[in-house]
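Undergrad: Got a predicted structure here, sequence first:
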Protein chains: 2
Amino acid sequence: MYSIGQFAKKTGVTIRTLRYYDQIGLLKPAQISAAGRRYYHDENMVQLQKIMTFRFLGYSLEKIQEMLQNDEKEFTQSLVKQRNEIQKQKEHLDRITEVLDNVIPLIEEQATVEPEIVIALIQSLAKEEEQKHFLEQYFSKGLVEKLFEVEKYDMVGFHRKEFHFQLQLKQAYRNKVVNEEVKELVKEFFTLMPEGLMQNFFDELRDVLDEEGDIEFPDGLFPSILTQEEEDWLIDVAVTYNLVDMKADE
Amino acid sequence: MYSIGQFAKKTGVTIRTLRYYDQIGLLKPAQISAAGRRYYHDENMVQLQKIMTFRFLGYSLEKIQEMLQNDEKEFTQSLVKQRNEIQKQKEHLDRITEVLDNVIPLIEEQATVEPEIVIALIQSLAKEEEQKHFLEQYFSKGLVEKLFEVEKYDMVGFHRKEFHFQLQLKQAYRNKVVNEEVKELVKEFFTLMPEGLMQNFFDELRDVLDEEGDIEFPDGLFPSILTQEEEDWLIDVAVTYNLVDMKADE
DNA sequence: ATTGCTTCTCACGTTACGTCATGATTTATA
DNA sequence: TATAAATCATGACGTAACGTGAGAAGCAAT
């Protein structure tokens, strides 16, 4: 027979935890004295070991309580389910470390990187798969792959340019500069891509717009610092004006 | 200018979340009407995107608040720290999946496995490294390795025998059976090991006991269903009685 | 009897919101 | 313009698994 303090020392759990388990009915002490003090028996040890094993496997106390009552039956099947559960959590963490392992070297080799850029970088990495999947609804697989390769080739540089591009666009929009200057901006931004790729992109974009009329972008998938108005305006200008112009350049 | 509902839709976060962020001062709406309604501006979008990026990386809202105030400075260093933090969490999950991936095939190939056995199995897997480390303080590395190999060779069988061994010991202790029967029990249990290994084990054990007098087992490192009394009694019987007997057998 | 240690029962704090309940305000429709 | 419908507001409680006191009571030893 152990007092709660002795039992806690023996098992390595805190007194508070034992009281809590008593309270929720997960582990009732073998005896309670007239004065209300808890006394634990060796069988409580076995029970607590079970509980701690389940906790190690990541089960919630509620699930543990169920399993200790229903006993054995579902327990073994439950293990498979639990592995999948843990696996899912692990994949999430894997994704984060993957992104961080991509970003950290990039900012370490550069002298100074604006936090805005880093954030954009992380965002695009985090949503990469989702973005690809979305774009492949409209564009060819080859084009999408190539677009992302351009970004990967010099991530920091790409997002830095993208950032400044957006800043300048905002400026242009405020000043209602509609043609020559904006055209230059867009052109300059697209110098990041090889000529041929840019052509492909605009060709496919024009086809899509002809067919679908308008593309609905799910919110937050392509985060930018532009407002809705500014974006609409950009697409308008880029497509009607620049697309034609690009083709005329040929 | 968006109402809170529009803003929520645009960003994909819930209204409740926006109100909460307002409450803790993480994201204040651009304007609040005389009637108390929140209106969000595009700059709030940028801020929220930052917040969501940090959340993706696993930062707490409190840390995020700090970083948004102190800006840039520690942010990049913080990334490295955060990667390590995530890494630690990942290692924990890795350990669990490792254990589960060991256990699940074992119980799948056996027709019926008592849950007690499975639990013992998981416990020993979970504490394996710790146990080895502890044992190597007293026993030679080679011996410890070999002992664990015996267990690994047929985990389910081993823990099943161990379990029944402990049950019978309890029985024997209750009945105060002190010699012949217990000797047989211990002998039978140790048939799990090859002869030579058993000899090594008892030889080293005797040496340790001669030198150290008594081994202090940290609580919970070697979980068993035996009470303290029973364990002491077992060691007593096994060492004084059986050890001598084993050597006499030679 | 007093001191000192252990234990008791509230009861609030933690994280990041979800989920009502109830009431006010804005927007749409008749 | 009156009213219905949608949206928004503020509490306030619930979540999971305890940590952390506060204040009182029990227990062992001096």
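TA: Structure's in. What do you need?
Undergrad: Contact partners for the residue most central in space within chain A?
TA: Against the mean C-alpha coordinate of chain A, by Cα atoms, centre = their mean, the closest residue is A:A126 at 4.9 Å. Neighbour list for A:A126: A:R95, A:V99, B:T53, B:F56 [criterion: Cβ atoms under 8 Å, 6 or more residues apart in numbering or on different chains]. For the C-beta atoms, the positions are set from N, CA and C on the backbone; glycine is no exception.
Undergrad: out of everything not next to it in sequence, what's closest to the first one?
TA: In this case it means A:R95. Excluding its sequence neighbours, the residue lying closest to A:R95 (Cβ to Cβ, 6 or more residues apart in numbering or on different chains) is A:A126, at 7.5 Å.
Undergrad: for A:E85, same thing?
TA: Closest residue to A:E85 apart from its sequence neighbours, by Cβ to Cβ, 6+ apart: A:G58 at 7.1 Å.
Undergrad: got it, and A:D101?
TA: In space, A:D101 is closest to B:R83, 7.0 Å off (Cβ to Cβ, 6+ apart).
Undergrad: Identify the residues contacting the one you found.
TA: Here B:R83 is in contact with A:T97, A:L100, A:D101, A:I104 (Cβ under 8 Å, 6+ apart).
Undergrad: of all those, which comes closest to DNA strand D?
TA: A:T97 (24.9 Å; Cβ to the nearest atom of the strand).
Undergrad: State the helix or strand in which that closest one lies.
TA: A:T97 belongs to helix A:75-109 when assigned by DSSP states H and E.
Undergrad: Distance from that helix to the middle of the chain?
TA: 11 Å (Cα atoms, centre = their mean, to the nearest Å).
Undergrad: Check which element follows it along the chain.
TA: helix A:115-126.
Undergrad: next SSE after that next one?
TA: helix A:128-135.
Undergrad: quick one, the helix or strand just after that next one and helix A:128-135 angle?
TA: The C-terminal neighbour of helix A:128-135 among helices and strands, as given by DSSP H and E, is helix A:141-153. Following axes from the mean of the first three to the mean of the last three Cα atoms, to 10 degrees, one obtains 150 degrees for the angle between helix A:141-153 and helix A:128-135.
Undergrad: and the next helix-or-strand element following helix A:141-153, what does it pack onto?
TA: Per DSSP H and E, helix A:141-153 leads on to helix A:155-174 as the next helix or strand towards the C-terminus. When contacts are defined as 3 or more Cβ pairs under 8 Å, 6 or more residues apart in numbering or on different chains; DSSP states H and E, helix A:155-174 sits against helix A:75-109, helix A:115-126, helix A:141-153, helix A:180-190, helix A:228-236.
Undergrad: what residues does helix A:155-174 touch?
TA: So helix A:155-174 is contacted by A:102, A:106-107, A:110, A:113-114, A:116-117, A:120-121, A:124, A:150-151, A:181-182, A:185, A:188-189, A:192, A:224-226, A:229-230, A:233-234 (Cβ under 8 Å, 6+ apart).
Undergrad: Would you list the buried entries among these?
TA: Taking 16 or more other Cβ atoms under 10 Å in any protein chain shown as the criterion, what is buried in the contacts of helix A:155-174 is A:106-107, A:113, A:116-117, A:120-121, A:124, A:151, A:182, A:185, A:189, A:192, A:224-226, A:230, A:233-234.
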